[in-house]
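**Q** predicted coordinates and the sequence they were generated for:
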Amino acid sequence: MARYIGPKTKIARKFGEAIYGVDKSLEKKNYPPGQHGINRKRKKVSEYGTQLSEKQKAKYTYGILEKQFHRTFEEASRMGGITGENLLKLLESRLDNVVYRLGIAPTRAAARQLVSHRHITVNGNVVNIPSYSLKIGDVVAVREKSKSLEVITDSLAGKRNRYSWLEWDSATMSGRFMQRPEREDIPENIKEQLIVELYSK
């Protein structure tokens, strides 16, 4: 199963944003990585370079590689409406992302691992595919024998903001996927129109 497993702070420094969450190293070194990062003069980035950077940021944020990202974009372009917003809606509908949004896991990488290791169910059935696309009304829950896992209990104890498109039931440790989120409800700092422009070349 392909995924990025390299140093995360280096990627965050490349984009100048904490795309993987709170990062103390990024706060200390808020300049590009590399030997000359702190002194390097920023060259003017081309239009293509800006668009490519935005696509790379989206890929790293959601933890997926090029082939899968491109397939998701093609699906978004076939849907009615605004392609860029559709792309983000599809990415937000992934099982690993919803597990992260519900607070079951502290990061998307941890959510991906929980799904892969069969700790998560969808509508009562174990699903171990992180890219599984949820449908409206699907119920995502922690598997019964996994409810006492420390990583899950710790994450739920420090649960973040609730999201309007998700409904959480702490008694059963389950959440319902109510709808695909609107663009204004997605907190990620991604300029999706630049990605559309890049792929339309």
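**A** Okay, I see it.
**Q** helices or strands up against the helix or strand encompassing residue 196?
**A** Assigned by DSSP states H and E, residue 196 belongs to helix 192-199. In this structure, helix 192-199 packs against helix 47-62, helix 66-78, helix 83-92, with contacts taken as 3 or more C-beta pairs under 8 Å, 6 or more residues apart in numbering; DSSP states H and E. In this view, the C-beta of every residue, glycine as well, is placed from N, C-alpha and C.
**Q** compute the inter-axis angle for the first one and helix 66-78.
**A** Right, the one you point to is helix 47-62. 100 degrees (axes from the mean of the first three to the mean of the last three C-alpha atoms, to 10 degrees).
**Q** what's the spacing between helix 47-62 and its chain's center?
**A** The chain centre lies 14 Å from the centre of helix 47-62; the measure is C-alpha atoms, centre = their mean, to the nearest Å.
**Q** how about it as CSV, C-alpha atoms only?
**A** Below are the C-alpha coordinates for helix 47-62, written out as CSV (Å, rounded to 0.1, in the frame of the first residue of the first chain):
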residue,chain,number,x,y,z
GLU,A,47,2.3,30.0,-12.7
TYR,A,48,2.9,26.3,-13.3
GLY,A,49,5.1,26.1,-10.2
THR,A,50,2.4,27.7,-8.1
GLN,A,51,-0.2,25.3,-9.4
LEU,A,52,2.0,22.2,-9.0
SER,A,53,2.9,23.3,-5.4
GLU,A,54,-0.9,23.5,-4.6
LYS,A,55,-1.5,20.0,-6.0
GLN,A,56,1.5,18.6,-4.0
LYS,A,57,0.2,20.3,-0.8
ALA,A,58,-3.3,18.7,-1.3
LYS,A,59,-1.7,15.2,-1.9
TYR,A,60,0.5,15.4,1.2
THR,A,61,-2.4,16.8,3.3
TYR,A,62,-4.7,13.9,2.5
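**Q** may I see the buried residues of it?
**A** Using 16 or more other C-beta atoms under 10 Å as the test for burial, helix 47-62 gives 51, 53, 54, 55, 56, 57, 58, 59, 60, 61, 62.
**Q** residue contacts, the last one?
**A** For residue 62, the contact set (C-beta atoms under 8 Å, 6 or more residues apart in numbering) comprises 91, 94, 97, 108.
**Q** just to revisit the earlier point, mind putting the helices and strands packed on helix 192-199 in CSV, mean pLDDT included?
**A** Formatted as CSV, those follow (pLDDT from 0 to 100):
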stretch, mean pLDDT
helix 47-62, 90
helix 66-78, 95
helix 83-92, 96
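**Q** columns distance to residue 124 on top of those, output as a markdown table?
**A** Listed next are the helices and strands packed on helix 192-199 as a markdown table, based on distance: least, C-beta to C-beta, whole Å:
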| stretch | distance to residue 124 |
| --- | --- |
| helix 47-62 | 26 |
| helix 66-78 | 26 |
| helix 83-92 | 23 |
